[in-house]
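>>> Have a look at this fold, sequence not included:
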């Protein structure tokens, strides 16, 4: 019997993990010829998520969990789940029910029966999101398509069904600053896309603030595009041409009138200084990424797993 591992990163999802578990188990009944396991990864939640996961693992041996010592981010949580998964097929999805579990059978069929290495979901609408957030999200995908060496699908989610071969290739990319959407695309394996309309959270609130999304987007650009590093060179060439024209204009003004050109010169100096600072900032971002990789710090610290908990319970009973 082939096995399916469902990897679920969680952060403050105490209100949804139970709902999610029951929804996935209903799909497991429909896919009775497969063995199922759910690997919840608690990303240092501040609520009772870990308590709920302990309870689920106690009730059902198919439920496993990994709990971090603090919040390391969704990318680290996904990575920990991928490393722990031993299924023939691996599914990754969020616990907030915005990834519809009833899409699993069709997505799995595309991988098992149609020869795809991966089936992935993408949203066709963003109903329920703020207009500003939706605007920047669309612009991000468009920008990535233009400047990066990977192609992202507009509205794509992390909700995927993957073969073991596909996941093994993903795990070969061992960078510290991970951007999974780019990593998935970089592998080059053919993916079948499943479109659906946006679904609002079942309960709770999203931990993805605009600030977090912006930082995540910057990470994606820096990880899969060198364009920001060379952009100052293009800008420098254009501003060099502009400065020549301005020098000619200032010379004419000085000759034809008594108006002091100092104001123009000051504006020009400020403009050029801002370009220099921008270039330094971009270079600094790339250097900080390289430094993070060079430090070789672990991407997460595990505080507790379901296996640890079960061993502790057995010892307590023996005593």
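Cool, got the structure. Values in this document were obtained by computation on a predicted structure and should not be read as measured data.
>>> and stretch 29-42, how far from the chain's centre?
23 Å (Cα atoms, centre = their mean, to the nearest Å).
>>> buried stuff in that stretch?
34, 36-42 (16 or more other Cβ atoms under 10 Å). Quick note: C-beta positions are derived from backbone N, CA and C, even for glycine.
>>> List just the nearest of those to residue 145.
Closest to residue 145 out of the buried residues of stretch 29-42 is residue 41 (29.8 Å), distances taken as Cβ to Cβ.
>>> how close does the residue nearest to that closest one when sequence neighbours are not counted sit to residue 40?
Spatial nearest neighbour of residue 41, chain neighbours left out: residue 77 (4.1 Å); criterion: Cβ to Cβ, 6 or more residues apart in numbering. Note on residue 77: its distance to residue 40, by Cβ to Cβ, to the nearest Å, is 9 Å.
>>> contacting residues for residue 191?
116-120, 184 (Cβ atoms under 8 Å, 6 or more residues apart in numbering).
>>> just these now: which is nearest residue 265?
The closest of the contacts of residue 191, once distances to residue 265 are taken by Cβ to Cβ, is residue 184, at 51.0 Å.
>>> my hunch is that the residue nearest to residue 41 is in a helix, does that hold up?
Yes - Residue 77 forms part of a helix when assessed by DSSP: H, G, I helix; E, B strand; the rest coil.
>>> Run a quick neighbour tally on it.
Residue 77 has 26 neighbours, counted by other Cβ atoms under 10 Å.
>>> Also residue 278?
For residue 278, using other Cβ under 10 Å, the count is 14.
>>> ok but it is inside a helix, no?
Yes - counting by three-state DSSP, residue 278 is found in a helix.
>>> Can you show me the helices along the stretch 101-250 of the chain?
Assigned by DSSP state H, counting those that start in this stretch, the helices in the stretch 101-250 of the chain fall at 104-113, 131-147, 164-172, 180-186, 210-224, 227-256.
>>> Would you mind listing the residues in contact with residue 116?
With contact set as Cβ under 8 Å, 6+ apart, residue 116 has these partners: 110, 190-192.
>>> could those residues go into TSV alongside distance to residue 152 and pLDDT?
Formatted as TSV, the contacts of residue 116 follow (distance: Cβ to Cβ, whole Å; pLDDT from 0 to 100):
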residue	distance to residue 152	pLDDT
110	19	95
190	15	89
191	11	93
192	16	94
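>>> Just among those residues, which is most surrounded?
Neighbour counts for the contacts of residue 116, by other Cβ under 10 Å, peak at residue 191, which reaches 22 neighbours.
>>> distance of it from residue 110?
Using Cβ to Cβ, residue 191 is found at 9 Å from residue 110.
>>> any idea how far residue 220 is from residue 156?
In terms of Cβ to Cβ, residue 220 sits 12 Å off from residue 156.
>>> The two: which has the busier surroundings?
residue 220 (24 against 18).
>>> Quick one, grab the pLDDT at the closest residue to the more buried one other than its chain neighbours.
Leaving out its chain neighbours, the residue that sits closest to residue 220 by Cβ to Cβ, 6+ apart is residue 179, at 4.2 Å. Looking at residue 179, its pLDDT stands at 84.
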